[in-house]
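J.: Sequence first, then the predicted structure:
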Amino acid sequence: MKLLDIGVLSKQSGVAPSTLRYYEQIGLIQSVSRHGLRRQYDGHVTTRLALISLGKMAGFSLKDIKAIFAGDGTPQLPRAELVLRADALDEQIRGLTRLRDALRHVADCPAESHMDCPKFKRLMNFASRTAVKRPAS
């Protein structure tokens, strides 16, 4: 079994050493030994880090991601939840596409004032409806 030093793992995975230590602290990954003060990881942890990264990209919390891994470390992907996340991404993509198209139109709009442009008014209406749906930050 080939062991990876924390620095090597960080370079291979693109995950900062501090993040690797944090993931270990919360139980997402674990080192198998130490070489001096440096943590050593099994080579299979790179796959686990890729799954963690994918989960984060999909909007899962680290707590959710931790729950995805069975006791033996095997990922048990929640298929129904993945479908819901994919549907939400589709909706977000549709909204962003409408926004992009409207912004391009407004940039090239022949109207003397943007306030006279019907498409700009629809863009503002869309922005107000979207702002209402988002929680205050």
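T.: The structure has been received and is ready for your questions.

J.: CA atoms for contacts and neighbours, from now on please.
T.: OK.

J.: Counting residues, what is the longest helix that this protein contains?
T.: Looking across the chain with DSSP state H, the single longest helix is helix 79-108.

J.: Other residues contacting whichever helix or strand comes after that helix?
T.: Remark: after helix 79-108, the chain's next helix or strand is helix 118-133, criterion DSSP states H and E. Under the criterion C-alpha atoms under 8 Å, 6 or more residues apart in numbering, residues Leu99, Ala102, His105, Val106, His114, Met115 lie in contact with helix 118-133.

J.: List the contacts of the fifth one.
T.: By that I understand His114. So His114 contacts Val106, Phe120 (C-alpha under 8 Å, 6+ apart).

J.: and what of the second one?
T.: Ala102 makes contacts with Lys119, Phe120, Leu123, as judged by C-alpha under 8 Å, 6+ apart.

J.: now the third one
T.: With contacts defined as C-alpha under 8 Å, 6+ apart, the neighbours of His105 are Lys119.

J.: change the start of the numbering to 10 and stick with it
T.: Right, with 10 as the first residue, what we last looked at is His114.

J.: Select the longest strand from the chain.
T.: strand 47-51 (DSSP state E).

J.: Mind listing what's buried along the first helix or strand past that strand going along the chain?
T.: Of the helices and strands lying after strand 47-51 in sequence (DSSP H and E), the nearest is helix 54-66. For helix 54-66, the neighbour count (16 or more other C-alpha atoms under 10 Å) marks Val54, Thr55, Arg57, Leu58, Leu60, Ile61, Ser62, Gly64 as buried.
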